[in-house]
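Trainee: sequence first, then the predicted structure:
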Amino acid sequence: MRPTRWWRSTHVAVGVAVLMLVAALVAGGALLNRDQSDQLAVEPAPPPATAAPAVVPVAASAQAPTPRGLAAALRLVASDPNLGNFTARITDALTGDELWAQGADVPMQPASTNKVLTAAAALLTLDRDARLTTRVLASEKPGVVVLVGGGDQTLSAAPRGEETWYRDAARIVDLADQVRRSGVKVREVQVDVSAYTGPTMAPGWDPLDIDGGDIAPMEAVMLDAGRTQPVSVESRRSRTPALDAGRALAVALGVDPAKVTVRTTAARGDELASVQSPPLMQRLREMMNASDNVMAESIGREVAAQAGLPQSFAGAARAVLAALDDAGIDTDGATLLDSSGLSVDDRLTARTLDQVINAAAGDGQPALRPLVDLLPIAGGSGTLSNRYLDTDAGRAAAGYLRAKTGSLTGTNSLAGIVTDESGRVLTFALLSNDAGPTGRTALDAFAATLRSCGCRA
């Protein structure tokens with residue numbers, strides 16, 4: 001104990017001495033500089049800082065890369081064997097001219113870059129403020145109410161006062177409150193899933209992805225996109241999401257959840273309660289930033305409903321491709337089994353993906369312009385928030401590259417835009433199938449080269 005006390009007392013003594021010395025210096029400085037201090041005291045304060053945030057457009061006069069210069073700059077990164085079977089297309093955003101391509105018309109497994117097509121079709125055909133409605137109806141049987149799904153997968157099981165997985169989501173307890181206020185004495189709950197038709201799982205989906213948390217069977221009503229734990233990142237998904245939603249409503253109404261049944265025929269009756277989803281743009285942002293598979297499938301079905309097609313996997317795929325065809329996008333070679341890209345049987349070409357991004361970045365399709373803002377930012381947001389930060393080339397591209405990512409076993413993909421060092425905007429689509437163990441970093445290295453290559457030779 002004695003050394004400790006000695007150290008403390010010495011520390012205090014030294015501290016006091018230092019403080020006395022500082023005080024003496026401050027006092028001396030004050031005496032020596034009193035005239036100067038008085039002069040400074042009367043000088044006017046600088047004007048307050050003002051902020052003028054704005055979107056500064058890139059200069060149209062910036063020189064575009066040449067195909068020859070781009071080919072030279074990309075030769076090394078394009079030859080990385082970890083890219084596996086690699087196709088790509090790079091285009092000038094201002095002119096639409098193709099600057100570099102490799103196998104651009106070869107159909108490839110796109111993974112989640114398929115969501116670019118779903119988002120584009122939604123922007124082309126739907127109201128950006130569109131909301132989905134979930135209702136509760138009184139059935140023909142006294143005491144029996146029907147939960148009618150409208151495709152809102154954001155409806156939450158979270159209790160009041162707790163955060164929901166999706167921002168501004170309605171809650172099952174909101175519906176229960178309205179039903180109670182209606183005065184109906186409920187003794188049984190049914191769930192109407194008739195809005196969606198066809199299989200609940202797409203061809204090429206792995207059922208293990210339900211337990212892995214990547215997808216849920218697509219039904220017209222579910223809670224928190226089928227998550228069994230409403231606000232957990234690691235939550236698995238339910239295999240019976242509509243039934244779970246009905247049971248949650250039953251519990252909130254104080255009736256036996258074991259008696260809940262699911263019906264595939266449309267219910268009729270007086271409306272007792274209703275809630276709405278967040279607007280389309282908010283849901284699109286969730287879909288693109290988090291690469292939300294359930295949200296993509298739901299939005300694909302909205303596109304199908306707008307086109308008068310069944311709200312099914314096949315109907316959504318047909319509607320999405322038709323909307324892009326109408327917008328002048330080349331969809332040759334496209335085979336879509338879903339709207340999310342989770343199916344291993346989906347196929348898209350780099351040309352189709354790049355044309356969608358190029359149309360959004362250019363002036364030909366103003367309705368698609370918001371798509372650019374929906375793309376994750378390299379090193380900054382969404383599925384790119386933790387990428388492009390571990391190499392010099394990657395850090396140079398961080399903030400200047402925005403892209404939708406895609407990944408499945410052996411597949412990595414990117415579709416987006418990049419502003420090169422001269423200020424020229426390029427669009428690109430990169431598809432890597434049968435990739436090696438570092439396939440994703442190889443793809444990022446390829447994309448990062450577009451930022452800093454020079455490419456004017």
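Mentor: Everything's here; your move.

Trainee: pretty sure R318 contacts A304?
Mentor: Yes. Counting by Cβ atoms under 8 Å, R318 touches A304, with 7.3 Å between them. C-beta coordinates here come from the backbone N, C-alpha and C atoms, glycine included.

Trainee: look at these two and report which has more neighbours.
Mentor: A304 (27 against 17; other Cβ atoms under 10 Å).

Trainee: so that one, which state does it fall into?
Mentor: The three-state label given to A304 by DSSP: H, G, I helix; E, B strand; the rest coil is helix.

Trainee: from L321, how far out is it?
Mentor: 11 Å (Cβ to Cβ, to the nearest Å).

Trainee: also D345?
Mentor: 15 Å.

Trainee: out of these two, which sits in the more crowded spot?
Mentor: L321 (18 against 13).

Trainee: so that one, which of the three states?
Mentor: Secondary structure assignment for L321 (three-state DSSP): helix.

Trainee: report the contact partners of D80.
Mentor: By Cβ atoms under 8 Å, 6 or more residues apart in numbering, D80 lies in contact with 442, 445-446.

Trainee: and these as a markdown table, adding pLDDT and secondary structure?
Mentor: As requested, these are exported to a markdown table (pLDDT from 0 to 100; DSSP: H, G, I helix; E, B strand; the rest coil):
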| residue | pLDDT | secondary structure |
| --- | --- | --- |
| A442 | 97 | helix |
| A445 | 97 | helix |
| F446 | 97 | helix |
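
Trainee: please report phi then psi for V275.
Mentor: The phi and psi values for V275, taken as degrees, to the nearest 10, are phi -140, psi 160.

Trainee: and the pLDDT at the closest residue to it other than its chain neighbours?
Mentor: Leaving out its chain neighbours, the residue that sits closest to V275 by Cβ to Cβ, 6 or more residues apart in numbering is A170, at 3.5 Å. Here the pLDDT value assigned to A170 is 97.

Trainee: any idea how far A170 lies from V233?
Mentor: Taken as Cβ to Cβ, the span from A170 to V233 is 22 Å.

Trainee: phi, psi of A59?
Mentor: Torsion angles, degrees, to the nearest 10, at A59: phi -80, psi 130.

Trainee: for the closest residue in space to it that isn't next to it in sequence, which three-state class applies?
Mentor: Nearest-residue entry for A59: G423, 5.3 Å, with adjacent residues in sequence omitted and distances by Cβ to Cβ, 6+ apart. Here G423 is coil, with the state taken from three-state DSSP.

Trainee: please apply the same query to the one 4 residues further on.
Mentor: Following three-state DSSP, the label given to T427 is strand.

Trainee: that one reaches V356, doesn't it?
Mentor: No. At 9.1 Å, T427 and V356 do not qualify as touching, with contact defined as Cβ under 8 Å.

Trainee: tell me the buried residues in stretch 71-90?
Mentor: 71, 73-74, 77-78, 80, 82-84, 86-90 (16 or more other Cβ atoms under 10 Å).

Trainee: need those residues in a markdown table with distance to P44, pLDDT and secondary structure, can you?
Mentor: Compiled in a markdown table, these are given as follows (distance: Cβ to Cβ, whole Å; pLDDT from 0 to 100; DSSP: H, G, I helix; E, B strand; the rest coil):
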| residue | distance to P44 | pLDDT | secondary structure |
| --- | --- | --- | --- |
| A71 | 59 | 95 | helix |
| A73 | 53 | 94 | helix |
| L74 | 57 | 96 | helix |
| V77 | 56 | 96 | helix |
| A78 | 60 | 97 | helix |
| D80 | 61 | 97 | coil |
| N82 | 62 | 98 | helix |
| L83 | 62 | 98 | helix |
| G84 | 66 | 98 | coil |
| F86 | 63 | 98 | strand |
| T87 | 64 | 98 | strand |
| A88 | 59 | 98 | strand |
| R89 | 59 | 98 | strand |
| I90 | 54 | 98 | strand |
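
Trainee: what does the domain assignment say about the protein?
Mentor: 67-127+326-452, 133-278 (automatic domain parsing).

Trainee: how about those, which one is nearest P46?
Mentor: domain 67-127+326-452 (30.3 Å; Cβ to Cβ).

Trainee: figure out the length between the terminal residues of that closest one.
Mentor: End-to-end span of domain 67-127+326-452 (Cα to Cα, to the nearest Å): 15 Å.

Trainee: and it, how far from the chain's centre?
Mentor: 15 Å (Cα atoms, centre = their mean, to the nearest Å).

Trainee: can you check stretch 307-318 too?
Mentor: On Cα atoms, centre = their mean, the centre of stretch 307-318 falls 22 Å from that of its chain.

Trainee: between the two ends of it, how far is it?
Mentor: Termini of stretch 307-318 sit 9 Å apart (Cα to Cα).

Trainee: buried set for that stretch?
Mentor: So, applying 16+ other Cβ under 10 Å, buried residues of stretch 307-318: 307, 309-318.

Trainee: got any ranges where the stretch 351-457 of the chain has weak pLDDT?
Mentor: Applying pLDDT under 70 to the stretch 351-457 of the chain flags the ranges 457.

Trainee: so what's the spatially most central residue of the chain up against?
Mentor: Closest to where the C-alpha atoms of the chain average out (Cα atoms, centre = their mean) is N289, at 1.8 Å. The contact partners of N289, by Cβ under 8 Å, 6+ apart, come to 374, 376, 381-383.
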